[in-house]
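**Q** just coords:
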């Protein structure tokens, strides 16, 4: 259901982006909130010519959003993720427009219009994403579109995760899989089948998301759980064993014939923290140097346009 909403959002956003161009054109003379950016004289493009610019600019903006993953069906952006993405794309589009008019030595017909376009596109897309997310949350509150979650593994970790997910409106816990199907009165998450029947369970229960908590149950009939999820287009997550996380960060010593496993210090400890600080400042300096031509272009363009 929510994939349909995500797909339906695409034509809506295309219309909103094009509408932002039209709004900027009609608002330019009617409500000049940024009149200090307006050049003297009536230099606004004729409506027929502006339509071509609006169509081309809308297509460019939409393609940039697509490339940024704004319309991903597998991992749709949350509202807090969408706002910086929209800002980044619209700002990049603005920089492209400025660079284009500078290098082609064309005097843009109205700085005021392009400022309006920037503001309207950002506002319209944020509003659109907020409305669609509100619709999703409302539907989930009534039980529609929830992700059906299946655990691979049992134990306290599964119980803890299930308790946390049950507090949210986005998930429905189906149960868990283990080596054999068994019941335990201590488990609130029911073991519905063995790991050997995972594919049948996925099809019967219409699983959307598998969370693996037991790395020993990774292989099923020569296929991994991850490969099965990938083939069936199911979201897959796993929680690694704590020792697996540390396995690559250990040092083994021998003391009187006894193996002693010692955890290595974090890379950010001691000189690692100093090196990181030096790297951060050096990268920031090179970033300013790399962007300085763009800043110079913007300043020059504004100066030329103001003459």
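**A** Alright, I've got the coordinates. From a predicted model like this one, the values you see are computed outputs, not experimental measurements.
**Q** tell me, how many neighbours does residue 117 end up with?
**A** Residue 117 has 26 neighbouring residues, counting by other Cβ atoms under 10 Å. Using the backbone N, CA and C atoms, a C-beta is placed for each residue, glycine as well.
**Q** now do the contacts for it.
**A** Shown in contact with residue 117 (Cβ atoms under 8 Å, 6 or more residues apart in numbering): 20, 21, 24, 57.
**Q** ok, now residue 26?
**A** Going by Cβ under 8 Å, 6+ apart, the list of residues near residue 26 is empty.
**Q** which of the contacts of residue 117 sits closest to residue 170?
**A** Of all the contacts of residue 117, residue 20 has the smallest distance to residue 170: 31.1 Å, by Cβ to Cβ.
**Q** how close does the most centrally placed residue in the chain sit to residue 13?
**A** Centroid-nearest residue in the chain: residue 77, 4.5 Å away (criterion: Cα atoms, centre = their mean). Remark: distance between residue 77 and residue 13 (Cβ to Cβ, to the nearest Å) = 13 Å.
**Q** ok but residue 93 is inside a strand, no?
**A** No - Residue 93 is assigned helix when assessed by DSSP: H, G, I helix; E, B strand; the rest coil, not a strand.
**Q** average pLDDT for stretch 88-100?
**A** Mean pLDDT, stretch 88-100: 87.
**Q** which positions in that stretch come out as buried?
**A** By neighbour count with 16 or more other Cβ atoms under 10 Å, stretch 88-100 contains the buried residues 89, 90, 93, 94, 97, 98.
**Q** got the phi/psi numbers for the residue nearest to the fourth one when sequence neighbours are not counted?
**A** Spelled out, that is residue 94. Of all residues not flanking residue 94 in the chain, residue 118 sits nearest, at 5.2 Å (Cβ to Cβ, 6 or more residues apart in numbering). Per-residue torsions, residue 118: phi -60, psi -50 (degrees, to the nearest 10).
**Q** just among the contacts of residue 117, which is most surrounded?
**A** residue 20 (25 neighbours).
**Q** contacting residues around the residue nearest to residue 94?
**A** Here residue 118 is in contact with 90, 91, 93, 94 (Cβ under 8 Å, 6+ apart).
**Q** for residue 118, see how far away the third one is.
**A** I take that to be residue 93. For residue 93, the distance to residue 118 - Cβ to Cβ - is 8 Å.
**Q** can you tell me how far residue 177 is from residue 203?
**A** 14 Å.
**Q** settle it for me: which of the two has more neighbours?
**A** Set residue 177 next to residue 203 and count neighbours by other Cβ under 10 Å: residue 177 wins out with 27 against 10.
**Q** hang on, the more buried one packs against residue 200?
**A** No - using Cβ atoms under 8 Å, residue 177 is not in contact with residue 200; the gap is 10.8 Å.
**Q** what's the overlap in contacts for these two?
**A** With Cβ under 8 Å, 6+ apart as the test, residue 177 and residue 200 both reach residue 193.
**Q** pretty sure residue 237 is in a helix, no?
**A** No - assessed with three-state DSSP, residue 237 is strand; it does not lie in a helix.
**Q** if we can go back for a sec, filter the contacts of residue 117 down to the ones in helices?
**A** 20, 21, 24, 57 (DSSP state H).
**Q** contacting residues around the third one?
**A** So the one you mean is residue 24. Here residue 24 is in contact with 113, 114, 116, 117, 120 (criterion: Cβ under 8 Å, 6+ apart).
**Q** tell me which of those is nearest to residue 233?
**A** Taking the contacts of residue 24 together and measuring to residue 233 by Cβ to Cβ, the closest member is residue 120, at 36.6 Å.
**Q** what strand or helix carries the closest one?
**A** Using DSSP states H and E, residue 120 maps to helix 111-141.
**Q** I appreciate the help and will end here.
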